[in-house]
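Student: Here's my sequence, what's the structure:
(2 chains)
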Amino acid sequence: MSPARAEVLEGNAVTGWLYSHRDQILVLLILLAGWHGLSLLLGVYWVGTPWGVAVRLYNGLLSGELIRHSSYTLAEALAGFVIGCIPAAILPFLLRRLPIVTAILDPFMVGGYGSPKLALAPLFILWFGIGIESKIALVAFTVFFIVYFSTLSGIRALDTKLVLMAEVAGASEANVARYIIFPGAVPHIFTGLRIAMPYSIGGAVVAELISANRGLGYLIQLRSMNFDTTGVFVALTAVCLIVFICNLLVNFLERRLLKWRPPSDVTAQKE
Amino acid sequence: MSALLEVRGLAKRFATRAGREQSPWIIQGLSFSVNEGEFLTIIGPSGGGKTTLLNMIAQIDCATDGEIRFQSNVAPVNDMKSLKPGLDCQIGYVTQEDNLLPWRTCLDNVLFPLQVQGKLNDETKARAQSLIRAVGLAGWENHYPHELSGGMRKRTSLIRTLVYDPPVILMDEPFGALDAQTRLQLQDDLMRLWNLGKKTIVFITHDISEAIALGDRTIVLTRQPSAVAGEHAITIPRPRDIRGIMTHPEFIELYNRIRAQVQ
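Tutor: Residues are numbered from 1 along each chain as shown, chains lettered A, B, ... in the order given. So this is what the prediction gives:
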C-alpha cells in the first residue's frame, strides 16, 4: 500500500484503528470462517453457526440474562483475584530476609501451584457451600500461586549491583526495599497478574460448572444438558469477551505504571 | 600533604567452595596511600583484582588480610557483616557499569543519593541541575536510561556520585566501554569538574594514556596476585590538553616507562 493511502486511512479514528489491526482482523475472519465451515460440516446440532451465536448473544445481552450471569462470574473472579493476588504480591517481600523460611515453604508452594484446580473445585464446594464463597476461594487459591512465584522471581532476578550502588550512595535497608527492590519487581508482579487474570475467570467458570445456580459456568452446564450447543457457544463467547476486556485493562495499567520500560512486545512497537 | 586513604599489606582471596582447591590470592601485599586532593590512577592487567580493590575500599567487599584506613576509620577484615558500604557517604564509587535505575529518569537517578541521604532541597537540586548542564545532559533530564546513549548514561552515573560531594571518589574504568571520541569528551569533562573542586580520586584503568593524562600520580599493579609494580609521579602541568597530551615529551617518556612495567 502506498504511504499516501496509508496516511488517508490512518487519518480517521475508526479506519485508522481498522488499518492498524488489519492482521488481527484477518485472523479473526479466518477463525470465523473455519468455525462456520465446521458447523456446515457437522450440522448446527453439534456446532452452532457464528451468526446464530451472534444473534443469541445480542438477544441475551438485550434481555439482561447474559449480563446477569456474567456479572456473577465477574464478581467471583474479581473478588478471588484481589483476595489471592494481594497476599501473593506481599508475601515474597516479607520473606526476602528469611531465605530459610522461603526454602521451607517452597515444596508446599510448588505443590499448591501444581495441584489440579478442577479436582479441587468439588472440595471447595464441600467446604464453602454452593454459593459465591466457594468460587471466590477457588479463584483466590488458583491466582495466589501464580502471582507468588512471579513476584518471587522478580525479587530474585534483581541486579545486586543496583543494591550495592544504592548502599554506597547512603541508602538504608528501608530505602533499598522501597526504591530498588519494589520497583524492580513490579514488572514481574505484572507478568503474574497478566497470567492470573484469565485463570481467575476460568477458575470461576469451572467452579460454577461443578455446582451453581447462576453464572456463565452454570449457563454452560444447563445448556449442554439441554443439547443447546449454540447456547454453550454463546456463554463461551461471553467468557472470551470478558477475558479480552480485562486484558485491555491490565495492558492499560501496565503501560501507565511501567512507562519507563523500553518497548519490547510487538504491539508496543507498532504504536 | 597528608595521606587521606592508606592501604597496607592488603590481601584478598575469595572463599573456597566445598570440595575444591583453595582459591588463589587475588591481591597480596598491596600497599599504597592517597593524599588529600590527589588524582591517583591505577593501571593493572585485566583480571588483576582492580575492581576487587575498589570494592574493598568502598566497603562492599571485605579484605582477607591487611589494612585499609580512611582518615581514622579502619575497614573490618574478614567480617562481611560489619562493612559500611560507602562509609557514611564519605566514599563515592563510580562503577564500571553505570548501574542506573531503569525506572528513574536521568534527573531522578542523579537525585537518588540526595533523596536517600535526606539532603534533597532547593540548593542541592540546583547543584544537580548545574552538573547536568556541565556534562551536556541538559534537555535529557526527563529521559529514561534506555533512551540515553552509552556516553550519556556514563555521564549520568558520574554526576550521580559528584552530586553529593563525597571526600573520596573511586572510579572503576568508567570510560572503558566507550568509543574513543566519547571517552576523550568525558575525560575532558572529568578534568574540568575535578579542577573546580579538587576531589581525591582513585581512578582505575587499563589504558596507560588515560592513566597519564588524568593523574597526578600513577601506580602500576602486577599480575595476580596484585601488588605494586611501580609508582610514577606525573608532573605534566595542569590544565592539561587531553587531546594533545600524547605529544608532550614527559608523556612519551612516562608511557615507555609504564609500558615496560605493565605485564
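Student: Run a quick neighbour tally on the residue nearest to A:Trp35 when sequence neighbours are not counted.
Tutor: Nearest non-adjacent residue to A:Trp35, counting by Cβ to Cβ, 6 or more residues apart in numbering or on different chains: A:Pro50, 5.2 Å away. (Each C-beta comes from the backbone N, C-alpha and C, glycine too.) Counted by other Cβ atoms under 10 Å in any protein chain shown, the residues lying close to A:Pro50 total 18.
Student: mind listing what A:Pro50 touches?
Tutor: Applying Cβ atoms under 8 Å, 6 or more residues apart in numbering or on different chains to A:Pro50 gives the contacts A:32, A:35-36, A:39.
Student: Let me see the backbone angles for it.
Tutor: phi -60, psi -40 (degrees, to the nearest 10).
Student: Model confidence for it, exactly?
Tutor: Listed pLDDT for A:Pro50 reads 91.
Student: do the same with A:Glu7
Tutor: 57.
Student: in the sheet, who's paired with the residue most central in space within chain B?
Tutor: Compute the mean C-alpha point of chain B, and by Cα atoms, centre = their mean the closest residue is B:Met171, 1.2 Å away. Beta-bridge partners for B:Met171, by DSSP bridges, are B:Val94, B:Phe203.
Student: pretty sure it is touching B:Lys199, no?
Tutor: No - the criterion here is Cβ atoms under 8 Å, and B:Met171 misses it with B:Lys199 at 10.5 Å.
Student: So which bits of the stretch 101-250 of chain B are right by chain A?
Tutor: Contact residues, the stretch 101-250 of chain B versus chain A (Cβ under 8 Å from any Cβ of the partner chain): B:101-105, B:112-113, B:115-117, B:144, B:146-147, B:160-161, B:164.
Student: From those, list just the buried residues.
Tutor: Among those, the ones that count as buried by 16 or more other Cβ atoms under 10 Å in any protein chain shown are B:101-105, B:112-113, B:115-117, B:144, B:160-161, B:164.
Student: Max pairwise distance over those: which two?
Tutor: In terms of Cβ to Cβ, those reach their longest pairwise distance at B:Gln117 and B:Tyr144, which sit 23.1 Å apart.
Student: The longest helix seen in chain A: what's the following helix or strand?
Tutor: Secondary structure of chain A per DSSP state H: the longest helix is helix A:65-95. Using DSSP states H and E, the helix or strand that follows helix A:65-95 in sequence is helix A:99-114.
Student: Does chain B have contacts with that next one?
Tutor: No - legend: contact between helix A:99-114 and chain B by Cβ under 8 Å from any Cβ is lacking; minimum distance shown is 15.5 Å.
Student: do stretch A:188-205 and chain B meet?
Tutor: No - Stretch A:188-205 is not in contact with chain B by Cβ under 8 Å from any Cβ; minimum separation 12.6 Å.
Student: just the helices in the stretch 151-263 of chain B please.
Tutor: Assigned by DSSP state H, counting those that start in this stretch, the helices in the stretch 151-263 of chain B fall at B:180-197, B:208-214, B:249-261.
Student: can you put those helices in CSV and add mean neighbour count and mean pLDDT?
Tutor: What follows is those, written out as CSV (neighbours: other Cβ atoms under 10 Å in any protein chain shown; pLDDT from 0 to 100):
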stretch, mean neighbour count, mean pLDDT
helix B:180-197, 16, 87
helix B:208-214, 23, 92
helix B:249-261, 14, 91
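Student: okay, the ones you listed in CSV with distance to A:Val186 next?
Tutor: Listed next are the helices of the stretch 151-263 of chain B as CSV, based on distance: least, Cβ to Cβ, whole Å:
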stretch, distance to A:Val186
helix B:180-197, 32
helix B:208-214, 39
helix B:249-261, 48
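Student: Residue 78: what's it in contact with?
Tutor: I went with chain A, as the question did not name one. Applying Cβ under 8 Å, 6+ apart, the residues contacting A:Leu78 are A:Ser200.
Student: sorry, should have said chain B
Tutor: Counted by Cβ under 8 Å, 6+ apart, B:Asn78 has contacts B:62-65.
Student: And the furthest pair within those residues?
Tutor: For those, the farthest-apart pair by Cβ to Cβ is B:Cys62 and B:Asp65; their separation is 10.5 Å.
Student: The two: who's more crowded?
Tutor: Shown here are B:Cys62 and B:Asp65; by other Cβ under 10 Å, B:Cys62 has more neighbours (18 against 15).
Student: Now do the phi/psi pair for the more buried one.
Tutor: phi -120, psi 140.
Student: Hmm, it is touching B:Thr52, no?
Tutor: No - the pair B:Cys62 / B:Thr52 is not scored as a contact, 10.4 Å apart, by Cβ under 8 Å.
Student: Quick check: residues of chain A near chain B?
Tutor: Counting by Cβ under 8 Å from any Cβ, chain A comes close to chain B at A:159, A:161-162, A:164-172, A:175, A:179-180, A:183-184, A:186, A:258, A:260-262.
Student: out of the residues you listed, which are inside helices?
Tutor: If you go by DSSP H, the residues of chain A next to chain B have A:161-162, A:164-168, A:175, A:183-184, A:186 in helices.
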